[in-house]
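fold the following and give me the result.
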Amino acid sequence: MSELQTASIMQQEGIDWLSLAESLGSQFAARETEADESDLFVADNIARLKAAGLTSAGVPIELGGGGASYRDLCAVLQILGRHSSSTGLAFAMHTHQVMVPTWRWHHQKAPVDGLLKRVAAEQLILLSSGGSDWLQSAGTAIKVEDGFLITARKAFASGAPLADLLMTSAVYEDPEKGSTVLHFAVPMTAQGVAIEPTWQAMGMRGTGSHDVVLSDVFVPDTAIALRREQGKWHFIFHLISMVAIPLIYSVYVGVAEAARDRAIQLAKHHRDEHLCYQVGGLDNELMAAKLALQHMISTAVASQPSFETTNQVMTGRVLVAKAVLNVADLAMEIAGGSAFYRKQGLEKLFRDVQGVRYHPLREEAQRKLSGQLALEWNVSSL
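Numbers count the residues shown, from 1 in each chain. Model prediction:
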């Protein structure tokens, strides 16, 4: 049976996305370990997610997708993160690029149906460069006849080896409007697009988060989806913050759950009253992470993109990050010296969870934004 037939049957019959994620995730551990030890992309795991219809799960049923809810996809990513950190994070980067246009289709009737239909029909994998670009963007766009020539280096492009479309941006020095960020999609097979294998990292080693290098890549005028002033907050970034960040941070809560469970396994044979207090403290931190995550998800489901929504989500992002990092620290303490051995598995989870620090907005920028809003200052840029 083809992937498209499988996806079609699931769409018609309905599916328990969480059970599917649990079933697949339990199969991913071996490949995750291999990827961590060898800096290999978890390509087989992503291919299995695609074959199961999960890559188009968030596309509305009317457009050929699975119609999975936003909450379900956050739960799917948390499950995947618990079983396979790198698979979960790489898949989150594709998933949020699907759910942003899905939100726009549902709430704005935006003309994004073409992209979403292609994701469903062709099982496209979307690649994001947003985390390393953010409001400033990076790279240059030179105006030529009927379009632009793009030269850029996009870092932290998770999932690059299997991606079909790069969703990215570059800066055009508009003679009338000044520094203008252009948003567009580029096929990974386009002339001038190359992947530079730079991903040798502390953790999340299987995400394939290499640099994508664009060298005079032609992007037609008709492919420019958005133009905005460089460095300034724009509706699209409130939308990205609202939709993407809870999805991504669901993965890290899943990794923290795995670290907690592994620490308990390693410590169970000890009989030390102080150990109970440590485990209780770990569970408090994990509960704090889960509560903050649920606040982020509820905000994303119930709100409209705005400064206040971004503030709520990004505050949750900082709280999740702090709690998840505390879980990892306490897990290492609880497991004791055995946690230092790679074969025990906890050391890997400790490394993987460190990535929670680096997605936008980092704490300093979040606190500045939150303070500006509380003091009713005018906010336009970070």
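
gap between P246 and A302?
12 Å (C-beta to C-beta, to the nearest Å). C-betas here are computed from N, CA, C, even on glycine.

more crowded one of the two?
P246 (31 against 8; other C-beta atoms under 10 Å).

state the mean pLDDT of the helix or strand that one falls within.
Assessed by DSSP states H and E, P246 sits inside helix 235-267. Average pLDDT, helix 235-267: 97.

name the helices or strands packed onto it?
Secondary-structure packing of helix 235-267 (3 or more C-beta pairs under 8 Å, 6 or more residues apart in numbering; DSSP states H and E): helix 70-83, helix 85-108, helix 273-302, helix 307-335, helix 346-353.

P175: neighbour count?
Residues near P175, counting by other C-beta under 10 Å: 7.

give me the distance between it and K143.
9 Å.

next: L239.
In terms of C-beta to C-beta, L239 sits 27 Å off from K143.

for the nearest residue to T140 once chain neighbours are set aside, phi and psi?
In space, and not counting its chain neighbours, T140 is closest to T151: 5.3 Å by C-beta to C-beta, 6 or more residues apart in numbering. Main-chain torsions, T151, degrees, to the nearest 10: phi -130, psi 120.

mind listing what T151 touches?
139-140, 142, 170, 214-217 (C-beta atoms under 8 Å, 6 or more residues apart in numbering).

again, only this time at 7 Å
Neighbouring residues of T151 by C-beta atoms under 7 Å, 6 or more residues apart in numbering: 139-140, 214-216.

next step: those residues restricted to helices.
Judged by DSSP state H, the subset of those located in helices is empty.

out of the residues you listed, which is most surrounded?
L214 (23 neighbours).

I'd assumed I150 was in contact with that one.
Yes. L214 is within contact range of I150, at 4.9 Å (criterion: C-beta atoms under 7 Å).

so what sits against both of those two?
G139.

in terms of helices and strands, where is V186?
V186 belongs to strand 178-187, assigned by DSSP H and E.

buried stuff in that strand?
By neighbour count with 16 or more other C-beta atoms under 10 Å, strand 178-187 contains the buried residues 180-186.

just checking, what packs against that strand?
If contacts are counted by 3 or more C-beta pairs under 7 Å, 6 or more residues apart in numbering; DSSP states H and E, strand 178-187 sits against strand 165-174, strand 210-220, strand 226-229.

that one: what's the following helix or strand?
Following strand 178-187 toward the C-terminus (DSSP H and E): strand 193-196.

packing partners of that next one?
strand 210-220.

packing partners of the strand it packs on?
strand 147-157, strand 178-187, strand 193-196.

of all those strands, which lies closest to V100?
strand 178-187 (11.2 Å; C-beta to C-beta).

what's the angle from that closest one to strand 147-157?
In terms of direction (axes from the mean of the first three to the mean of the last three C-alpha atoms, to 10 degrees), strand 178-187 departs from strand 147-157 by 70 degrees.

run through who's touching strand 178-187.
137, 141, 148, 164-174, 193, 214, 217, 219, 223-230.

would you mind listing where this protein has pLDDT under the threshold?
1-13 (pLDDT under 70).

care to break it down by domain?
The record's domain parsing of the chain by automatic domain parsing lists 3-124, 130-229, 235-374.

adding distance to S381, write those out as TSV.
Output for the domains of the chain, formatted as TSV (distance: least, C-beta to C-beta, whole Å):
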stretch	distance to S381
domain 3-124	21
domain 130-229	7
domain 235-374	10
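
nearest to E34 among the helices and strands packed on strand 178-187 would be which one?
Closest among the helices and strands packed on strand 178-187, using C-beta to C-beta: strand 210-220, at 17.9 Å.

just list the residues touching A256, thanks.
286, 289, 324, 327-328, 353.

revised request: answer the last question for V217.
149-150, 186, 190, 192-193.

switch to 8 Å and redo it
Listed by C-beta under 8 Å, 6+ apart, the contact partners of V217 are 149-151, 186, 190-193.
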